[in-house]
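S.K.: Predicted model follows, preceded by the sequence.
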Amino acid sequence: MSIPLSSIAKTQLDQTYRALDGILAKAAAHAAEHKVDEAVYLDWRLTPDMFALKRQVQLVSDFSVRGLSRLAGQDPVSIPDTEATFDDLRARLAAARAAVWALPAAALDAEPSGEVTFPAGPGKEMTLPRHAFVQNYVLANVLFHASMVYAVLRSIGVPVGKRDFLAV
C-alpha cells in the first residue's frame, strides 16, 4: 500500500506547526517571566553565521508553503516577513498551515512518477522526482529549520524538550 504524498506532507507539517506553536508559546512565557524583550530571543542565533530564530521560523513556513504549492502546480500564498513578536510568528505558522491545507490533495498527488523543477540558489535550478522533492527537500528543510528554532531557544534556557519538538 502506498501512502499519498499529500498525506505524508500534511501529516508531518501539521506536527511541526503544532510543535513550533507550543515551543514559541513557551518562549514567550519564558521571556515575560524573565523580563526579557522578545526581540532579544527573536534575534538570537547559535553562531554569528546562522539565521536568527525569527528567520528560522519564517523559513519553516516558506519551505512548506512554497514547496507544496509548487508540487500542486499553484502559486504560493505570499507571507511577508514582518514578524516582531512570538505571537506574530505563531500567526505566521497558522497562516502557513492554512495555506498548505487549502492545497487540493489531488493536485499534490498528481503524476506520482513526475518531477519537480525548483530554484536551488541564485541562478540555479534542480529537478527531483516528486516524492524525493517532498521527502528530501521540502520536509528535510522544514525539519532542519524547526530544529534550529528548538536549539536556539534551548540554548538560552527556554524549558523545551523532545516531547515539545514531537508535539506529544
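M.R.: Nice, I can see it. Residues are numbered from 1 along each chain as shown.

S.K.: From here on, just use CA atoms for contacts and neighbour counts.
M.R.: Noted.

S.K.: Please enumerate the strands of this protein.
M.R.: 115-119, 125-129 (DSSP state E).

S.K.: I'd like those as a markdown table, with mean neighbour count appended.
M.R.: As requested, those are arranged in a markdown table below (neighbours: other CA atoms under 10 Å):
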| stretch | mean neighbour count |
| --- | --- |
| strand 115-119 | 15 |
| strand 125-129 | 13 |
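
S.K.: worst average pLDDT in those strands?
M.R.: Mean pLDDT is lowest for strand 115-119 out of the strands of the chain, coming in at a mean of 92.

S.K.: For it, which helices and strands make contact with it?
M.R.: Applying 3 or more CA pairs under 8 Å, 6 or more residues apart in numbering; DSSP states H and E, we find strand 115-119 packed against helix 53-72, strand 125-129.

S.K.: Need the winner for burial among these.
M.R.: Counting by mean count of other CA atoms under 10 Å, helix 53-72 has the highest mean neighbour count of the helices and strands packed on strand 115-119, with a mean of 23.

S.K.: Find the residue ranges of the protein scoring beneath the pLDDT cut-off.
M.R.: 1 (pLDDT under 70).

S.K.: Longest helix in it, please.
M.R.: Identified as the longest helix of the chain according to DSSP state H is helix 5-33.
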